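Asks: Give me coordinates for this.
(one chain, ligands or ions: 2)
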Amino acid sequence: MKPSVVLYKTLPDDLRTRLDAHFNVTAIDGLTPENLEKYADAFRSAEGILGAGGKVDASLLDKAPKLRAASTVSVGYDNFDVEALNQRGVILMHTPTVLTETVADTMMALVLASARRVVEVAERVKAGEWQRSIGPDWFGIDVHHKKLGILGMGRIGLALAQRAHFGFSMPILYNARKHHEEAEQRFDAQYCDLDTLLKESDFLCISLPLTEQTHHLIGRQQLAKMKPGAVLINAGRGPVIDEQALIAALKDGTLHAAGLDVFEQEPLPVDSELLKLPNVVALPHIGSATHETRYGMARDAVENLIAALTGTVDKNCVNPQVLR
Ligand SMILES: NC(=O)C1=CN([C@@H]2O[C@H](COP(=O)(O)OP(=O)(O)OC[C@H]3O[C@@H](n4cnc5c(N)ncnc54)[C@H](OP(=O)(O)O)[C@@H]3O)[C@@H](O)[C@H]2O)C=CC1
Ligand SMILES: O=CC(=O)O
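Replies: Ligands and ions are numbered 1, 2, ... in the order given. Got it, this is the predicted structure:
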């Protein structure tokens, strides 16, 4: 008999067919409390789950006693209680690599849009404000040759460094837990502590995961240390930045602008102060959102679940210790 799995994200038809070929699939529209109750039987017999978004914690795992593998259509896995998965021997699979270049493109787009006020001035054109030659009130700031600080020199940080170094001649500073030889050799990136990164970066780009250590890593004190007129970009996770402190820094002119793909609460509430600030470019968490990359992520997530439930995992595993 095929193993049972719960699918909580819509897949392209061909990938759904592949999943159906291996498993008895119960498809639900998200890990909501209502669905956990409504599909209690499916969770009780599920050996795998596949999807994105929604908390996978001890209380969900208690409802799925046969679970052996979870496959997320994302690289970030902060919505999973990995400790609880480890205790129950559940393998967690994710989708690194396939999205790296696309997310780095998004970050570079945020750098350019924030510096050159692309969204704001395009709106002004649409509003009919372009009536004569533009003056300094339409100007932005240069990107090329400015100092780019990268907080989190992992896969995405490295791809961003490549763009900034070769495409925009930007000197690169970075901070991570360890030195990254590849970034230093290929892009002449200089390692520094967080304070130096804050003080010296013209553009500070965050590509960190959300963990206990990174939660509110950037708060009022850190923002106050940033170079006057700097631009802050965040495509890691919203709660890495204390959003209220960020709003204050944008209002009092400490920061020139911010480009944000992620927020403390998503979707961003429509009454958020951030949306009232002209110097904020706010995107709806589209870091990896191209047709090609989202398809690749879904494909990898399906293959990851098949590998996890057939004992053939050789990559993309968050907690390989469970395999031993
Ligand atoms: N906006 C979006 O749509 C997307 C957002 N993301 C987010 O981006 C994150 C990064 O992805 P990816 O680059 O693939 O991940 P990686 O694991 O490759 O890189 C993470 C980097 O963060 C660093 N890091 C972790 N904790 C700390 C810390 N406490 N202090 C300093 N540095 C730290 C790591 O340091 P070290 O190298 O020393 O271990 C590493 O350099 C994801 O976890 C996800 O949250 C990802 C995809 C899309
Ligand atoms: O935020 C997206 C991810 O893949 O993580």
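Asks: As a quick check, tell me the outermost residue of the chain.
Replies: Distance to the chain centre peaks in the chain at Arg132, reaching 40.4 Å (criterion: C-alpha atoms, centre = their mean).
Asks: what residues are up against the residue in the stretch 51-200 of the chain positioned nearest to ligand 1?
Replies: Going by C-beta to the nearest ligand atom, ligand 1 is nearest to Gly154 of the stretch 51-200 of the chain, at 1.7 Å. C-betas here are computed from N, CA, C, even on glycine. By C-beta atoms under 8 Å, 6 or more residues apart in numbering, the residues touching Gly154 are 176, 207.
Asks: Distance-wise, check it relative to Gly135.
Replies: Between Gly154 and Gly135 the computed distance is 42 Å (C-beta to C-beta, to the nearest Å).
Asks: Equivalent analysis for Gly219, please.
Replies: Gly219 sits 37 Å away from Gly135 when distances are taken as C-beta to C-beta.
Asks: quick one: which of these two has more around it?
Replies: Gly219 (15 against 7; other C-beta atoms under 10 Å).
Asks: Just give the closest residue to the more buried one, not the sequence neighbours.
Replies: Distances taken as C-beta to C-beta, 6 or more residues apart in numbering put Asp242 closest to Gly219, at 4.1 Å, once the chain neighbours are dropped.
Asks: Any residues of this protein in contact with ligand 2? List them.
Replies: Contact residues (C-beta under 6 Å from any ligand atom) of the chain with ligand 2: 74-76, 99, 287-288.
Asks: just these now: which is nearest Asp20?
Replies: Set against Asp20, the nearest of the residues of the chain next to ligand 2 by C-beta to C-beta is Ser74 (22.4 Å).
Asks: For that closest one, which non-adjacent residue is spatially closest?
Replies: Nearest one to Ser74, counting by C-beta to C-beta, 6+ apart, is Ala52 at 5.3 Å.
Asks: Count the neighbours of the one you found for me.
Replies: Quick note: Ala52 (other C-beta under 10 Å) scores 19 neighbours.
Asks: Was I right to think it contacts Thr72?
Replies: Yes. Between Ala52 and Thr72 there is a contact at 5.9 Å, judged by C-beta atoms under 8 Å.
Asks: what about the closest residue to Arg220 other than its chain neighbours, which SS state?
Replies: Distances taken as C-beta to C-beta, 6+ apart place Ala245 nearest to Arg220, at 4.1 Å, with adjacent residues excluded. Taking DSSP: H, G, I helix; E, B strand; the rest coil as the rule, one finds Ala245 in the helix state.
Asks: Show me which residues of the stretch 101-250 of the chain are close to ligand 1?
Replies: For the stretch 101-250 of the chain, the residues in contact with ligand 1 (C-beta under 6 Å from any ligand atom) are 103, 152-157, 175-178, 207-211, 213-214, 235-237.
Asks: how far away is His94 from Cys317?
Replies: From His94 to Cys317 the distance is 8 Å (C-beta to C-beta).
Asks: For the two, indicate the residue with more neighbours.
Replies: Taking neighbours as other C-beta under 10 Å, His94 and Cys317 compare with His94 leading, 21 against 18.
Asks: Check that one and give its pLDDT.
Replies: Confidence at His94, expressed as pLDDT, is 98.
Asks: And for Arg324?
Replies: For Arg324, the pLDDT comes out at 83.
Asks: any idea how far it lies from Ile91?
Replies: Using C-beta to C-beta, Arg324 is found at 11 Å from Ile91.
Asks: Neighbour count for those two, which is higher?
Replies: Taking other C-beta under 10 Å, Arg324 and Ile91 do not tie; Ile91 has more neighbours (26 against 4).
Asks: Contacts only, for the more buried one.
Replies: So Ile91 contacts 68-70, 85, 308, 313, 317, 319, 322-323 (C-beta under 8 Å, 6+ apart).
Asks: and Ala27, backbone torsions?
Replies: Dihedral angles of Ala27 (phi, psi; degrees, to the nearest 10) stand at phi -100, psi 130.
Asks: can you tell me if stretch 81-98 touches ligand 1.
Replies: Yes. Applying C-beta under 6 Å from any ligand atom, one finds stretch 81-98 touching ligand 1 at Pro96.
Asks: Begin at 22, not 1, for the rest of this chat.
Replies: Okay, using 22 as the starting number, the last item reads as stretch 102-119.
Asks: Ends of that stretch, what's the gap?
Replies: The first and final residues of stretch 102-119 sit 23 Å from each other (C-alpha to C-alpha, to the nearest Å).
Asks: can you pull the buried residues of it?
Replies: The neighbour-count check on stretch 102-119 (16 or more other C-beta atoms under 10 Å) flags 102, 105-106, 111-117, 119 as buried.
Asks: now swap in stretch 246-256 and tell me
Replies: Using 16+ other C-beta under 10 Å as the test for burial, stretch 246-256 gives 247-248, 251-256.
Asks: starting at the chain centroid, how far to stretch 150-168?
Replies: Computed by C-alpha atoms, centre = their mean, to the nearest Å, the chain-centroid distance of stretch 150-168 equals 29 Å.
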